[in-house]
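> here you go, sequence then predicted model.
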Amino acid sequence: MPVLNRIASYAEEMKGWRHHLHMHPELALDCHETAAFILDRLREIGVDEIHEGIARTGIVALIKGQKAGPVIGLRADMDALPIEEMTGAPHTSTVKGKMHACGHDGHVTMLLGAAKYLAETRNFAGTVALIFQPAEEDGAGGQIMVQEGIMDRFDIAQVYGIHNAPNVPFGHFSTTPGPYMASVDTAYVTITGKGGHGATPHECVDPVVAVVGMVGAIQTIIPRNVYALEEAVISVTQIHAGTASNIIPEEATFCATIRCFKPDVRALLKRRIIEIVEGHALAYGVKARVDYDWGYPATINHEDQTEIAADAAREVVGPEAVDARANREMGSEDFSYMLEARPGAYLFLGTGPGAGLHHPAFDFNDEAAPIGASFFARLVERTQPLV
């Protein structure tokens, strides 16, 4: 079965929704205009219940089927990124320094398209909970919505989400059971020595030399402490020190992003980073402080729900366009918190050639929106059939 005909008929309307959202990006938890736009569409669509103000600007809307049954959650993230847009599109961002560079405008559009179809047809049992979540990029909105009790409050039994994937063949879905996206932690390291003249290093305690030693040693953790068949990444992404060529600075800093899939590996990486920093601080005679930000956990799909989602995707795009045993991704997602709270699955939907995610030239492919909406709709109808 291809894209649902009724959803295909919404394509131009969905494009209009997406372009409006793209022109009015908002960050983190402060998605007030975005939420207002979604609320207006939900009222037009005719959902049964709307619950606002979850995680500040998040929304849960309910659509009831033709008979009693469980509740299935469908999630779309709402927030944009602090990037100056360079697409040159007619619907380019109107907000300086902010843009939808990750396609969350498209995710909202797909869920609204599915909502319109489901509210019209109601060809399912039970209830659909539409989850519009702020602060995926920064602020862990998914965690906040779970902490504020949406799973219990709305009796959600299982939950699903999808993300667009540029430069993946158009209309192709990918997912996998088990760990699919990595956990993400950040180490912020501050080294304090004794500054002075670059001509008299013997009178100083040089934090730059200490940083160089620490960073080099940290790069040995993966090949020497982590089992070779485990997947993990440590990338030192910033080093800051000094103000002039003839001054040894008092302080130097660096930070690293740390990603993996298993809790025991995650704990090992943290322990070894701290041990290396503290050991090198002692060796170089500097003081060191590690501020370790324990971030999003790994996104772990549940096996049964992954197969359910893959089957729904196959109905929409065909078996040849669904990879249900895809490679893991080192990116991270706060949908992980929802999957910790309830069984479910997360999928990627290919949108064809284009600029990559988080790039200033990125723009969601509007042709993909009816596919994503059809997937959500068929997922509901397959999971909670009337007979």
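Cool, got the structure.

> domain assignment for this protein?
The chain breaks down by automatic domain parsing into domains covering 5-180+299-383, 183-294.

> and these, which is most packed in?
domain 5-180+299-383 (a mean of 20; mean count of other CB atoms under 10 Å). Backbone N, C-alpha and C define where each C-beta goes, glycine included.

> quick check: end-to-end length of that one?
20 Å (CA to CA, to the nearest Å).

> next up, phi/psi of residue 201, please.
Residue 201 has phi and psi values of phi -60, psi -20 when expressed as degrees, to the nearest 10.

> give the closest residue to it in space, chain neighbours not counted.
residue 248 (6.2 Å; CB to CB, 6 or more residues apart in numbering).

> what sits opposite the one you found in the beta ladder?
Legend: beta-bridge partners of residue 248 under DSSP bridges are residue 196.

> what mean pLDDT does stretch 358-371 have?
Confidence for stretch 358-371, expressed as mean pLDDT, is 98.

> could you number the chain from 48 rather than 1 from now on?
Shifting the count to begin at 48 puts that one at stretch 405-418.

> and that stretch, C-alpha only, in PDB?
Provided in PDB are the C-alpha atoms of stretch 405-418 (Å, rounded to 0.1, in the frame of the first residue of the first chain):
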ATOM      1  CA  HIS A 405      22.300  20.800  11.600                       C
ATOM      2  CA  HIS A 406      23.700  22.500   8.500                       C
ATOM      3  CA  PRO A 407      22.600  26.100   7.700                       C
ATOM      4  CA  ALA A 408      21.500  25.000   4.200                       C
ATOM      5  CA  PHE A 409      19.300  22.200   5.500                       C
ATOM      6  CA  ASP A 410      15.600  22.200   4.500                       C
ATOM      7  CA  PHE A 411      13.100  19.400   5.100                       C
ATOM      8  CA  ASN A 412      11.900  17.700   1.900                       C
ATOM      9  CA  ASP A 413       8.100  18.400   1.900                       C
ATOM     10  CA  GLU A 414       7.500  15.300  -0.300                       C
ATOM     11  CA  ALA A 415       8.300  13.100   2.600                       C
ATOM     12  CA  ALA A 416       5.600  14.500   4.900                       C
ATOM     13  CA  PRO A 417       2.700  12.400   3.500                       C
ATOM     14  CA  ILE A 418       4.900   9.300   3.800                       C
END
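
> other residues contacting that stretch?
50-51, 54-55, 57-58, 61-62, 65, 69, 128, 130-134, 136, 146-150, 152-153, 156-157, 160, 211, 213, 217-218, 363-364, 396-399, 401-403 (CB atoms under 8 Å, 6 or more residues apart in numbering).

> give me the element residue 167 is part of.
Assigned by DSSP states H and E, residue 167 belongs to helix 151-168.

> what pairs with the helix or strand that comes right after that helix, and is each one parallel or antiparallel?
Downstream of helix 151-168, the next assigned helix or strand under DSSP H and E is strand 172-180. Neighbouring strands of strand 172-180 in its sheet, by DSSP bridges, are strand 105-111 (antiparallel), strand 114-124 (parallel).
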